[in-house]
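Asker: Sequence and predicted model, in that order:
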Amino acid sequence: MTWLRLSWLLCLVVLICGCSARGVHHVVQPGQTLYRIGKTYGVSEVVIAGYNRIANPDQIRAGDVLFIPGARQSQRVSVPGKTTQSAVATIKSAVRPATVPPKQPPAVATGTAGVSSMSAARPTGPTRGRLRWPVQGQLAQSFKAGRGKGIEIAVPPGSQVRSAAAGQVIYSGTGIVSYGHLIIIQHSDNLYTVYGYNQRGLVKQGSFVNAGQEIARSGTAPGSQRGMLHFEVRQGNKAVDPVFYLP
């Protein structure tokens, strides 16, 4: 169901009920998105869009006044700034062009900050099924702890790549050599997903996406004609095995 249809459906439900919902009015500030506003108030961005008759959530602008149903008081909504930019830089630096690994990887000293930031972190708490598979294909390469890499999934070039969960696109571009159009999405609880080898990106930096939304078309692995998607999951700046989060 499209955003437009869902938004108008929610509005229709409100009109039929004939009751005035309690809530507050929020003035959109520069850099704020409907996704972050919804997260801050604990109200689904879909519900906010429905009450405010927003057909396209990417079109909200600074100065717009939004009604937040169910909210008791105004909240201060954070804006992506240095923290997000730092996260992008860290994740981008961890995503290196694929190369043939040496037969004997060089030993790495333990206890350094660099090793800590790149080491694999096993998540705590219930995580299984939190994310969905970005594509349906064969697992071509599993996660290798300590190397800061994700997994690779074999799919035909041009396959639909979908967001593993709802979140905000904090990077969408071709700045990493050999990774095609790279996309990084920030989710709740400081969780990030990374999608590489894409031949074409379909979302812009700063926009927010829903779980399962198409974000790119897959491409091929570096130096190969084999269709592939590179997929990473990061808890903060620590790489984790995506299998921990997938169904």
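Answerer: In hand now; what should we look at? Residues are numbered from 1 along each chain as shown.

Asker: moving C-terminal of the longest strand seen in the chain, what's the next helix or strand?
Answerer: In terms of residue count, the longest strand belonging to the chain (DSSP state E) is strand 191-201. On the C-terminal side of strand 191-201, the closest following helix or strand by DSSP states H and E is strand 208-209.

Asker: That following strand packs against which elements?
Answerer: Helices and strands touching strand 208-209, by 3 or more C-beta pairs under 8 Å, 6 or more residues apart in numbering; DSSP states H and E, are helix 34-41, strand 167-173. Quick note: C-beta positions are derived from backbone N, CA and C, even for glycine.

Asker: List the buried residues in the last one.
Answerer: Right, strand 167-173. 167-172 (16 or more other C-beta atoms under 10 Å).

Asker: Check which strands are paired with the helix or strand that comes right after it and give the direction for each one.
Answerer: Going down the chain from strand 167-173, the next helix or strand is strand 181-186, by DSSP H and E. In its sheet, strand 181-186 lies beside strand 167-173 (antiparallel), strand 191-201 (antiparallel), with partners assigned from DSSP bridges.

Asker: Return the angle between stretch directions for the shortest one and helix 34-41.
Answerer: Interaxial angle of strand 167-173 relative to helix 34-41 (axes from the mean of the first three to the mean of the last three C-alpha atoms, to 10 degrees): 140 degrees.

Asker: where do the helices sit along the protein?
Answerer: 3-17, 34-41, 45-51, 82-94, 113-118 (DSSP state H).

Asker: Just give the closest residue to the spatially most central residue of the chain, not the sequence neighbours.
Answerer: Geometric centre of the chain, nearest residue: residue 185, 2.4 Å, by C-alpha atoms, centre = their mean. Excluding the flanking residues, the one nearest residue 185 by C-beta to C-beta, 6 or more residues apart in numbering is residue 167, at 4.4 Å.

Asker: Now do the domain split for the chain, please.
Answerer: For the chain, automatic domain parsing gives the domain ranges 3-69, 82-96+127-244.

Asker: Out of these, which gets nearest to residue 75?
Answerer: domain 3-69 (4.9 Å; C-beta to C-beta).

Asker: So what's the gap between that closest one and the chain middle?
Answerer: 21 Å (C-alpha atoms, centre = their mean, to the nearest Å).

Asker: Kindly report the same for stretch 62-70.
Answerer: Taking C-alpha atoms, centre = their mean, the mean C-alpha location of stretch 62-70 is offset from the chain mean by 24 Å.

Asker: what does stretch 132-143 give?
Answerer: With C-alpha atoms, centre = their mean, you get 17 Å for stretch 132-143.
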